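Novice: Just a sequence and a predicted model for now, questions to come.
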2 protein chains.
Amino acid sequence: MMSTMLARESSAFRPRFSVVQVEESTDLAPRFDAAGLLTVVTTNAENGDVVMVGAMNAEALARTIETREAHYWSRSRQCLWHKGATSGLIQHVVELRIDDDQDAVWLRVKTAGVGANCHVGYRSCFYRRVDLPVDKDISATAARLVFCETEKTFDPIVVYGDAPNPTQL
Amino acid sequence: MMSTMLARESSAFRPRFSVVQVEESTDLAPRFDAAGLLTVVTTNAENGDVVMVGAMNAEALARTIETREAHYWSRSRQCLWHKGATSGLIQHVVELRIDDDQDAVWLRVKTAGVGANCHVGYRSCFYRRVDLPVDKDISATAARLVFCETEKTFDPIVVYGDAPNPTQL
């Protein structure tokens, strides 16, 4: 399908020619950074929770729009990443928004299967909050985390086996 | 205040020594990238909308925790950015979460004043959605944007005057 093939290049999206066009028009004219990526925020369409933050290159954005299933660029593996291809936890896209300067995308998704989105086994990658100090004179360095999800939705060992953990120190 | 001064350095946060510590413990041990930044997603605590995506350096993260008002690192101006200092639209932090590998933060905020968060004048920077094709064979390059907010909440000229627009082509 030639039209789909063309969409693999960022140049297949509309060229950016003015701030007014980028901010005020209906042109989809995304801005990819020096590495060819834009930032993606993914939320659970049912409860509004932010479930992950990722990246897309032009191909991932085009495939996401065309298939309505979330595709990312995996920075740890340096490859196109169809989320859920390994785990079955496909993210079905309900809505896709783009920000003012078109360098960030917001996906609202319904996740298949048990509904988890995090490789650690939780529904959201943001499963911990910072215990904000009531006393504003307490230093941030003393802050601790509190778990917002207390049980994992799946066992990463069962789902991913011995695949390398993407978390880097 | 010495404790606050120390928090200005990323080394003031806990050191990262293992994947288990980073993913499974209550240690706040953020990972800043080569530019000294992590990604921040900010949502409206009242309706769950993603209102902006930004960046924080160690100082911005520490100040946000200590003051409960959102501080970012402005990449366009290359300075610490207390959101709302110019416009009055301070973001009061209701909750601050961090993700599995601790390189992204999610702020849930209540925004002061008229409640806008976008320099273009809208409540959210994500004021447009992609009109997803019903026919999956339609190329992403043909996609158009649809406005989700039809009226601006404020006039950027009145609020920001002739300050340079941060949007880059």
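Specialist: Cool, got the structure. Numbering: from 1, shown residues only, chains lettered A, B, ... in the order given.

Novice: What values do phi and psi take at whichever residue of chain A sits closest to chain B?
Specialist: For chain A, the residue closest to chain B is A:G48, as judged by Cβ to the nearest Cβ, at 2.6 Å. C-beta coordinates here come from the backbone N, C-alpha and C atoms, glycine included. A:G48 adopts backbone torsions of phi 80, psi 0, taken as degrees, to the nearest 10.

Novice: close enough to count as contact, it and B:E46?
Specialist: No: when contacts are counted by Cβ atoms under 8 Å, A:G48 is not listed as touching B:E46 (10.3 Å).

Novice: More neighbours: which of those two?
Specialist: The residue with the greater number of neighbours, taking A:G48 and B:E46 and applying other Cβ atoms under 10 Å in any protein chain shown, is A:G48; the counts read 16 against 12.

Novice: Which residue is the nearest non-sequential neighbour of the more buried one?
Specialist: Leaving out its chain neighbours, the residue that sits closest to A:G48 by Cβ to Cβ, 6 or more residues apart in numbering or on different chains is B:G48, at 2.6 Å.

Novice: I'd assumed A:V41 was in contact with that neighbour.
Specialist: No: counting by Cβ under 8 Å, A:V41 is not a contact partner of B:G48; they are 11.8 Å apart.

Novice: Tell me which residues touch the residue of chain A closest to chain B, please.
Specialist: Contacts here follow Cβ atoms under 8 Å, 6 or more residues apart in numbering or on different chains; on that basis A:G48 touches B:T43, B:N47, B:G48, B:D49.

Novice: Select, from those residues, the two members most distant in space.
Specialist: Based on Cβ to Cβ, the longest span within the contacts of A:G48 runs between B:T43 and B:N47 and measures 8.6 Å.

Novice: With neighbour numbers in mind, choose between these two.
Specialist: Neighbours of B:T43 and B:N47, each counted by other Cβ under 10 Å, are more numerous for B:T43; the result is 25 against 10.

Novice: can you pull up the bridge partners for the more buried one?
Specialist: Going by DSSP bridges, B:T43 is paired in beta bridges with B:V50, B:R108.

Novice: How confident is the prediction for it, by pLDDT?
Specialist: In the prediction, the pLDDT value recorded for B:T43 is 97.

Novice: After the top helix by length along chain A, heading C-terminal, what element do we hit next?
Specialist: Longest helix in chain A, counting residues (DSSP state H): helix A:58-67. Helices and strands here follow DSSP states H and E; after helix A:58-67, the next one along the chain is strand A:71-74.

Novice: and A:D33, what does it touch?
Specialist: Neighbouring residues of A:D33 by Cβ under 8 Å, 6+ apart: A:D103.

Novice: Compute the distance between it and B:V22, please.
Specialist: A:D33 sits 25 Å away from B:V22 when distances are taken as Cβ to Cβ, to the nearest Å.
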